[in-house]
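Student: everything below, folded, please.
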Amino acid sequence: MKDLSLHILDVVHNSISAGAKLIKIEIIQNEKEDLLELTIEDNGKGIPADKLDKVSDPFFTTRTTRKVGLGLPLLRMNAERTGGTFSIESTEGVGTKVKASFGLHHLDRPPLGDMAGVMSMLAGSYSDRHFHYQHITPKGEFTFDTVEVTEALDGVPLTDVSVVKYLEEFITEILAAIEIIE
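Tutor: Model prediction:
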């Protein structure tokens, strides 16, 4: 995958497939430790303990439509080749947490990508889900929460095209203001 936002989208789609109603995405850009830390946590059905060790194997998937599952293995590979780490924790009936850290300024770290586009698309496409996105940089912090946005819209649906477009522009502006590092 060419950027981290696509990795995030892939993991979030796994969460949605697992029945998650709450999906938390956190990105921390830590200049002092030269790390970009990514955490995606959900309250889906979880992964059985006997399958947890296999999920980062590209030749293991629970899907019946194909014989490979590349999303998590690629995320792990991208993290580790920048000197970072990858972990996944899951409890059946509770949910799953995927964590990856990357060398922030490492040459091989994929760029962040279009987080504004990903988050606005997810909000507009899955309005029955609660997305909580937090991005922390040395210059500031941004939190996007679909429950708060829905309340502020006072009846205008998240699926409205003008709302999705506005959210994308809003998120883009805020991320620029806190100086995300591509």
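Student: got the buried residues for stretch 85-105?
Tutor: 86, 88, 90, 95, 96, 98, 99, 100, 101, 102, 103, 104 (16 or more other Cβ atoms under 10 Å). All C-beta spots, glycine's among them, are computed from the backbone N, C-alpha and C.
Student: show me the residues you listed that map onto strands.
Tutor: 86, 88, 90, 95, 96, 98, 99, 100, 101, 102, 103 (DSSP state E).
Student: tell me the bridge partners for the first one.
Tutor: Meaning residue 86. residue 100 (DSSP bridges).
Student: who's in contact with it?
Tutor: Applying Cβ atoms under 8 Å, 6 or more residues apart in numbering to residue 86 gives the contacts 56, 75, 76, 79, 80, 98, 99, 100, 101.
Student: how close does it get to residue 50?
Tutor: Applying Cβ to Cβ, to the nearest Å, the value for residue 86 to residue 50 is 20 Å.
Student: from what I can see residue 7 touches residue 1, true?
Tutor: Yes. Proximity of residue 7 to residue 1 meets the contact threshold set by Cβ atoms under 8 Å, at 5.3 Å.
Student: common neighbours of those two, please.
Tutor: 71, 74, 75, 78, 110.
Student: got a quick ChimeraX command for the buried subset of those residues?
Tutor: Here is the ChimeraX command that selects only those of the shared contacts of residue 7 and residue 1 that count as buried (16+ other Cβ under 10 Å):
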select :71,74,75,78,110
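Student: sitting in helices, which of the shared contacts of residue 7 and residue 1 do you find?
Tutor: Under the assignment DSSP state H, the shared contacts of residue 7 and residue 1 contribute 71, 74, 75, 78 to helices.
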